[in-house]
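Asks: here is the input, now give the coordinates:
(chains A and B)
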2 protein chains.
Amino acid sequence: MLIVQKYGGTSVGDAERIRNVARRAISARKEGHDVVVVVSAMAGETNRLLKLTCEIARRPSQREQDVVVSTGEQVSVGLLALAIQEMKAKARSFLGHQVRILTDSAFANARIRSIDDTNLRESLRKKEIAVVAGFQGIDEHGNITTLGRGGSDTTAVALAAALKADACEIYTDVDGVYTTDPRVCERARKLQRISYEEMLELASLGSKVLQIRSVEFAMKYKVPLWVKSSFTGDPGTLVCEEDAAMEDVLVSGIALTRDESRFVVRGVPDKPGIAAKVFGSLAEQGVVVDVIVQTPAREDGRTDMAFTVGRLDVEKTNELVRRIGKQIGAGKVDHEEGIAKVSIVGVGMRNHAGVAAKMFQVLADEGVNIRVISTSEIKISCLIDEKYAELAVRALHTAFGLDKTETAKS
Amino acid sequence: MLIVQKYGGTSVGDAERIRNVARRAISARKEGHDVVVVVSAMAGETNRLLKLTCEIARRPSQREQDVVVSTGEQVSVGLLALAIQEMKAKARSFLGHQVRILTDSAFANARIRSIDDTNLRESLRKKEIAVVAGFQGIDEHGNITTLGRGGSDTTAVALAAALKADACEIYTDVDGVYTTDPRVCERARKLQRISYEEMLELASLGSKVLQIRSVEFAMKYKVPLWVKSSFTGDPGTLVCEEDAAMEDVLVSGIALTRDESRFVVRGVPDKPGIAAKVFGSLAEQGVVVDVIVQTPAREDGRTDMAFTVGRLDVEKTNELVRRIGKQIGAGKVDHEEGIAKVSIVGVGMRNHAGVAAKMFQVLADEGVNIRVISTSEIKISCLIDEKYAELAVRALHTAFGLDKTETAKS
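Replies: Just a heads-up that it's a prediction; the model follows:
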């Protein structure tokens, strides 16, 4: 088998933990597998490096920031390769430009375009454990790029796809994917399996176990993805293609995103190209917009457009949206912070009616006012006041039958 | 003019110092020059990284160590580019593989083979200050290499040569080249000019102002080399081609190397290939051998071979030399630590007789016993007991007329 393992920052946080990762990789190698290991920067290192850039520049250019920040993973791969060699196994480290992980030029948030597997294949042929720096790539001009927070997951899955790996194992400090965040709801249950589609919705909705792009990649290339703990021997959760059994379950998980800010642009002219202008400009500035809702136009040919962004982007968004609002002749721009988004996700809801109605009823019963509703085929999201966030998650968790069973508890 | 500036680790030790370097580079740019800046890792960073590798492995593989250690310069170039941009000037950082500084594959001690100037020229054409990572390169297989301690000087001079720069300015925490180490001899005098040849001997003999290879490069490509302080506006010392005035000076400087260890292999068979075997094996192990002296063979066809190595290599050397000694049928191996080497250097001595005799007389007058003598065209070195090191330097400094004049003192 060819296995790609990925270890996050906590798993390589110090020399002892790096040795632990080395032992796991060697053990897979000794079972006869070809092993590629992707690592993140040591815990805290990326933040230390970002802080250095911020001491120098108020708004650091992202090209240069990527040059600085990508050193975190570079140190990790060197150290892990050394740890493996110290245990008398063969290893070789690879940086983004050495594998050749080609990305676009969106510094700080680049997307992988292609991966050349020649050098890695050569390394595996020599029975080396190939240790690859996560989070980083190179664009066509030879600039160093990074893939955005959590980008090492994407590196791992993209490598697994390029190498047609039999499994991609994401090691983290949690032991799998849960029905909801166990810190919010103590009755949260670990899932043995979950479909890519559900994981995608859960990831994009705030379950921070996996980076969303990595799940997209895994789905696209049908890479079996394991989420496991790097500290226990637990089998973890398998993210894979949907099967019949999964469809019997109405709701697989509940996601919660806090700290959203809601913007409403009032009286937007209902003309083609307006939405593209607004969200195109935000995208150019690197603002990630979450929920977008637009109501049908009123008799005056105008409409209201609502959307949410993360707290970090509020300032930039506010400035930009007010400017564009004027350009397109829109009315007032409202802006509200302290919004949470709670969502139920499940492939089963495709074949069942009444799931949305049930969700709204559960929230109503708890006295939670719903500000904005947004749905997709396998998820329903409600924006609510942040203070009700935990209450809403717990009530929905119970109502949709996700709580741990009595036997599981005892 | 095209100027290459190089700043060492102390000069980029923190955010404020990095801004200071940015100001200097911008000031040269504003005078209308094309500016390339080479930087080292922030002070202490290389040692921190080396320590990390040593926590993981007792004898780290040099390929992986280079991967880790080269991140120090990578952080520096990113930060300096940001600092320059923050001051509203244009800058772009370049790593070894982005310039394309091609080296051989001698990890931790690589030599530059060629430099592609295309990307740097392009950057200069755009009026950017090109900020290049010192100390690092890439081999033909795409592996990251480093040039050994002080390698950033070599990077700077090699870039100056490749770009046919008008000047290469090495900024350091001293303000020039002195007749000897001012900490050893308070009468040491700063030189305004010194020839490449003299600087080469001084550098190789322990004046740590410039890395020896950088001087070789500068001499080979006739790059005018300035040694300057990054904290003052002092003009510093110019290292350049020898001229008539320099030849009038008998001795230009006195170098001191402490902490040498002397090995003597007794009764070596006087056959071709023996020396090659001994020193070839040492070189393979990365041991840098300093003085080598071999006396003419005795009647029994045997000879004694003496050489010195730095303290760090003593253990490795001892093991190796005893093993090879047996193989070649040599006699006893003696080994003595606590040796210093004091040398006088000057292009003028080529045309003057009696310089060596004068040196030996000065040492004799001070009661210093000479253990080994070694000479070249422009230098004479004596190995002496380390406890006499400072005394010897001061006596020679005065005897050869290098002391500050009374007027210079007042």
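Asks: ramachandran coordinates for the residue in the stretch 101-250 of chain A that chain B sits nearest to?
Replies: Of all residues in the stretch 101-250 of chain A, A:Gly142 sits closest to chain B, at 5.3 Å by C-beta to the nearest C-beta. For the C-beta atoms, the positions are set from N, CA and C on the backbone; glycine is no exception. A:Gly142 adopts backbone torsions of phi 90, psi 10, taken as degrees, to the nearest 10.
Asks: just checking, it touches A:His97?
Replies: Yes: the pair A:Gly142 and A:His97 qualifies as a contact (C-beta atoms under 8 Å) at a distance of 7.3 Å.
Asks: pick out whichever of those two has more residues nearby.
Replies: Shown here are A:Gly142 and A:His97; by other C-beta atoms under 10 Å in any protein chain shown, A:His97 has more neighbours (24 against 14).
Asks: contacting residues for the more buried one?
Replies: Contacts of A:His97 were listed using C-beta atoms under 8 Å, 6 or more residues apart in numbering or on different chains, and they are A:Gly137, A:Ile138, A:Gly142, A:Ile144, B:His97, B:Gly142.
Asks: what of A:Asp175?
Replies: Here A:Asp175 is in contact with A:Lys190, A:Lys228, A:Ser229, A:Thr232, A:Asp234, A:Gly236 (C-beta under 8 Å, 6+ apart).
Asks: for the buried ones among those residues, write the corresponding ChimeraX selection.
Replies: The buried subset of the contacts of A:Asp175, as determined by 16 or more other C-beta atoms under 10 Å in any protein chain shown, is captured in ChimeraX by this line:
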select /A:190,228,229,236
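Asks: any idea which of the contacts of A:Asp175 is the one closest to A:Arg394?
Replies: A:Lys190 (17.3 Å; C-beta to C-beta).
Asks: excluding chain neighbours, what is closest to the closest one?
Replies: A:Gly176 (4.6 Å; C-beta to C-beta, 6 or more residues apart in numbering or on different chains).
Asks: wait, a helix at that neighbour?
Replies: No: going by DSSP: H, G, I helix; E, B strand; the rest coil, the assignment for A:Gly176 is coil, not a helix.
Asks: what is the burial count for it?
Replies: Neighbours of A:Gly176 using other C-beta under 10 Å come to 21.
Asks: which residues does it contact?
Replies: A:Gly176 neighbours (C-beta under 8 Å, 6+ apart): A:Lys190, A:Leu191, A:Val227, A:Lys228, A:Ser229, A:Asp234, A:Gly236, A:Thr237.
Asks: ok, now how distant is A:Val132 from A:Glu73?
Replies: Remark: distance between A:Val132 and A:Glu73 (C-beta to C-beta, to the nearest Å) = 9 Å.
Asks: neighbouring strands for the helix or strand A:Val239 falls within, and are they parallel or not?
Replies: Per DSSP states H and E, A:Val239 falls inside strand A:237-240. Strand A:237-240 pairs in its sheet with strand A:193-195 (parallel), strand A:225-229 (antiparallel), by DSSP bridges.
Asks: after the shortest one, next one along is what?
Replies: It stands for strand A:193-195. Next element after strand A:193-195 (DSSP H and E): helix A:196-204.
Asks: quick one: average pLDDT of that next one?
Replies: Helix A:196-204 comes out with an average pLDDT of 85.
Asks: compute the inter-axis angle for that helix and strand A:225-229.
Replies: Here the directions of helix A:196-204 and strand A:225-229 differ by 50 degrees (axes from the mean of the first three to the mean of the last three C-alpha atoms, to 10 degrees).
Asks: now what about helix A:196-204, what contacts it?
Replies: A:177, A:194, A:209-212, A:215-216, A:218-219, A:225, A:239-242, A:246, A:252-253, A:255, A:343, A:345-347, A:376, A:378-379.
Asks: next: stretch A:239-252.
Replies: Under C-beta under 8 Å, 6+ apart, the answer for stretch A:239-252 is A:177, A:179, A:191, A:193-199, A:202, A:210, A:215, A:218, A:222, A:224-227, A:344-352, A:355, A:396, A:400-402.
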